[in-house]
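Trainee: Dropping a prediction and its sequence here:
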Amino acid sequence: MNVVVDAQAWGFEHVPFNAAFIAALAEAYPGEPIHFFGERDHLSQVQRYLASRMDTSQVTWREITLPPRFARERERAVPDFRNFARVLSEARRLGASRVIACYLHATTGVLALKALNLVERRMLVAFVHHGSLVRVIGSRRYHPLLSFANGRLRQIVLGDSIREEVVAKIPRLRKSLFGIRHPYFFERAVPSDLPAAGPVTFSFLGLVEESKGIAAFVDLAATFCPLLGDKVRFDLIGGKRRGVAADDVGPWVKTYGKDGPIPRELFERQLAETTYAVFPYEPSYYKLVASGSVLDALTAGKPLIVLRNSQFEELFQTMGDIGYLCADVAEMRTTVDAILRDPPRDRYRRQSENILNKRDAFEPAALGAQLRDVLALGRRG
């Protein structure tokens, strides 16, 4: 039996990841019951998302009460400890073999789980790192937190390149840190072609954040839109974080929402109309973060224009020619210019076909064996 807990997400947050992770776990351990603990609305949304993609009869849904959505660390400490104490107690009562936290707070959640696991003898306990890994790796004061009791449980990151980056900074984690591919359910799609008429569309996916390179994207739009008019369009199809004014993305970037993330249906509709997905991500940040927006682009078969980092290098090595791996923003600008001057129609079609042919490496069905290896009860790092 497997117990999975999300002690951080509310509502739609992390729904695609958690659903695909549960499916990968079901592939790893066919027929074994899975108990999933999470916030009430999140449980409901994961359940609906997953029900249309797999038989969920082996999954039992268990509600927990999370700390307030934007609670500070000192406000989270006790609730996180209580939640993990309850989950581990329930797991023991159920006779579970494994407990996996698929999302938890980077400090209070990790500390609570590690402390409680010190007395655990029967179950394997693991947790998955997400975006906050950048903060805890970037500050040496958090390094002892990651290495504390590191032989007592498995830590998982979403990619071998991320694992190598972390181990280079904290070598003590080499035996307890494991990499898996980011699990994802892809929708059916047909290969894309460069538009025969109408604008070539370059899209920024996800919420506006400085680390995602929104300033570079705005500069690209300001470079090409005034010169080429309706032959080119730059779209923001993720949305703006609350408090980010429309003016902050400039007059040349078309937006589709006033505040916060846009509805998923609108996101998918605009993504289908996209020509290229552009990721001017800050390399020092996104070498440690697996981006769900990149997988969104792959589900639509859209070629990528990205700034080089170790994670994108791994992706291109796995999938082949799926777009353009640029050394810097200047090369990204040159790439966009070359595409607009001489549209690479044949190559574009091949890139889209490569994406659709190779993306199944991230499907839950392909990750079962990988996850089973990481969580093997007899394995020692």
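Mentor: Yep, it's here. The structure presented is a predicted model; accordingly, all values stated were derived computationally and were not measured.
Trainee: what's the nearest residue to Leu94 once chain neighbours are set aside in contact with, if anything?
Mentor: Nearest non-adjacent residue to Leu94, counting by CB to CB, 6 or more residues apart in numbering: Met1, 5.8 Å away. In this view, the C-beta of every residue, glycine as well, is placed from N, C-alpha and C. Contacts for Met1 (CB atoms under 8 Å, 6 or more residues apart in numbering) come out as Glu32, Pro33, Ile34, His35, Leu94, Gly95, Ala96, Ser97, Arg98.
Trainee: okay, which residue is most central for the protein?
Mentor: For the chain, the residue nearest the mean C-alpha position is Gly292 (3.5 Å; CA atoms, centre = their mean).
Trainee: Do you know the pLDDT at that one?
Mentor: According to the prediction, Gly292 has pLDDT 85.
Trainee: One more: Gly378?
Mentor: pLDDT, Gly378: 55.
Trainee: do Lys175 as well
Mentor: Lys175 is given a pLDDT of 88.
Trainee: Helix, strand, or coil at it?
Mentor: At Lys175, secondary structure determined by DSSP: H, G, I helix; E, B strand; the rest coil is coil.
Trainee: Quick check on it: phi, psi?
Mentor: Dihedral angles of Lys175 (phi, psi; degrees, to the nearest 10) stand at phi -90, psi -10.
Trainee: Quick check: it vs Ser147, distance?
Mentor: Using CB to CB, to the nearest Å, Lys175 is found at 11 Å from Ser147.
Trainee: same thing with Leu325?
Mentor: 33 Å.
Trainee: higher neighbour count, these two?
Mentor: Leu325 (19 against 16; other CB atoms under 10 Å).
Trainee: Which element, helix or strand, includes the more buried one?
Mentor: If you go by DSSP states H and E, Leu325 is part of strand 323-326.
Trainee: Could you list the paired strands of that strand along with their orientation?
Mentor: The pairing partners recorded for strand 323-326 under DSSP bridges are strand 304-307 (parallel).
Trainee: what residues are up against the closest residue to Glu314 other than its chain neighbours?
Mentor: In space, Glu314 comes closest to Ser161 once its chain neighbours are excluded; the distance is 4.3 Å by CB to CB, 6+ apart. Shown in contact with Ser161 (CB under 8 Å, 6+ apart): Gly179, Lys287, Ser310, Gln311, Glu313, Glu314.
Trainee: Surely the fifth one touches Leu325?
Mentor: The reference is to Glu313. Yes: applying CB atoms under 8 Å, one finds Glu313 in contact with Leu325, separated by 7.0 Å.
Trainee: and Ser352, how far is that from Leu177?
Mentor: Taking CB to CB, one finds Ser352 at 34 Å from Leu177.
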